[in-house]
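> Take a look and give me a structure for this.
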Amino acid sequence: MAPSSPDREARGVVFNVQRYCVHDGAGIRTTVFLKGCPLRCRWCANPESQALRPELGFDAHRCIGDQCGGCAEVCDDGALALQSGPPSLDRQKCSACMACAGACPAGALHIHGVEKSVGDILDAVERDSVFYARSGGGLTLSGGEPLMQSRFALALLREARARRMDCAIETSGHAPWRALEAACGLLREISFDIKMIDEAKHEAQTGVGNALILENFRRMAEDFPRLDICVRTPVIPGVNDSEDDIGAILDFLAPFPAVRYELLPYHRLGARKYAPLGRTPPMDPAAPDESRVNALRAFAARRRALSATASGRE
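Now for the predicted structure:
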């Protein structure tokens, strides 16, 4: 076991640790998902990631109903009432003590988010070190927005680097520059979301403007020219799936030809995650349009190729 250090003892809230990932950076990786996000994207795939605190989820379809009743017995808040079928959950009364989740044999009541130490996480991550060495993989921090827990995220990255792990991060870019700057100094690669350029539209669709995001990107690309940067845009039907939308992003990226660019297809998996949190999806699920995504990918490839050619002539 590695010797104790302040970074090793730092604690944060994590809602998932996913092993054997191949789409979150180079090689085979373990992705650690941190709770908390300042954005509220209407299409969010992981609404359980948004709040910083642990949250109670209730999936009534998994409940064994009045055959059990263990959850109501341990609830001192009176938030769970037995009835025919699944119990009713009054979230206004719930103090989030999470006792009910521990008493639920079917997993209908479950906790999104657990407080863990850096040491606990990295001891587990290191068990797959042989796969990282062979594939060029390592550790990726994701969320939510991992830099919303910046002290914890930076402690994770520093300790991982001390253990010679390759580090990457997936970020919305909506974070204090000091946090992003400190993270970039510890990374080999970063995936940076740019969802759209129009600020009013960005705020309407995500709950925040994009001035900080775009300024952070410029500073990062200029100050860390050796960092492997991949800009990602999730293509959302009816939101940012036009050539004008993608063209505006490509114009913004034109001064940074070394930056990679990816268009990600929309999926509807997040819509079904709201009900267990006692919430309503903010956007009606749209039908994924693979042909549209492929057409926009071809459009982006042509535009970047032309930009590169024009840059070479200057």
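> Provide the count of other residues in contact range of Y266.
23 (other CB atoms under 10 Å). C-beta here means a position set from N, CA and C on the backbone, and glycine is covered the same way.
> so what's it up against?
43, 234-237, 286, 288-289, 293 (CB atoms under 8 Å, 6 or more residues apart in numbering).
> Equivalent analysis for R279, please.
P47.
> and if you look at R53?
By CB under 8 Å, 6+ apart, the contact list for R53 reads 13, 35, 96, 113.
> Kindly list the main-chain dihedrals of it?
phi -80, psi 160 (degrees, to the nearest 10).
> try S88
The phi/psi pair for S88 (degrees, to the nearest 10) is phi -90, psi 140.
> Quick one: the helices in this structure, in order.
Remark: helices assigned in the chain by DSSP state H are 6-9, 70-74, 99-103, 118-125, 129-135, 150-162, 177-184, 199-206, 211-223, 243-253, 290-313.
> if we compare those, which one ends up closest to G270?
For G270, the closest of these is helix 199-206, at 13.8 Å, according to CB to CB.
> and that closest one, what does it pack onto?
Of the remaining helices and strands, none touches helix 199-206 by 3 or more CB pairs under 8 Å, 6 or more residues apart in numbering; DSSP states H and E.
> For it, list every residue counted as buried.
Within helix 199-206, the residues that count as buried by 16 or more other CB atoms under 10 Å are 202, 205-206.
> How far does it sit from its chain's centre?
19 Å (CA atoms, centre = their mean, to the nearest Å).
> okay, it in PDB with CA atoms only?
Provided in PDB are the C-alpha atoms of helix 199-206 (Å, rounded to 0.1, in the frame of the first residue of the first chain):
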ATOM      1  CA  GLU A 199     -24.400  32.300 -26.200                       C
ATOM      2  CA  ALA A 200     -28.100  33.000 -25.800                       C
ATOM      3  CA  LYS A 201     -28.900  29.600 -27.300                       C
ATOM      4  CA  HIS A 202     -26.300  27.900 -25.100                       C
ATOM      5  CA  GLU A 203     -27.800  29.400 -22.000                       C
ATOM      6  CA  ALA A 204     -31.300  28.400 -23.000                       C
ATOM      7  CA  GLN A 205     -30.300  24.800 -23.600                       C
ATOM      8  CA  THR A 206     -27.800  24.300 -20.800                       C
END
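> burial measure for S5, as a count.
Neighbours around S5, by other CB under 10 Å: 14.
> make that I197, sorry
I197 has 19 nearby residues by other CB under 10 Å.
> you'd agree it is up against N210?
Yes. Counting by CB atoms under 8 Å, N210 is a contact partner of I197 at 7.3 Å.
> which residues sit in contact with R11?
115-118, 152 are the contacts of R11 under CB under 8 Å, 6+ apart.
> Over to A211?
E199.
> for V125, same thing?
V125 sits in contact with 17, 30, 32, 139, 160, 165, where contact means CB under 8 Å, 6+ apart.
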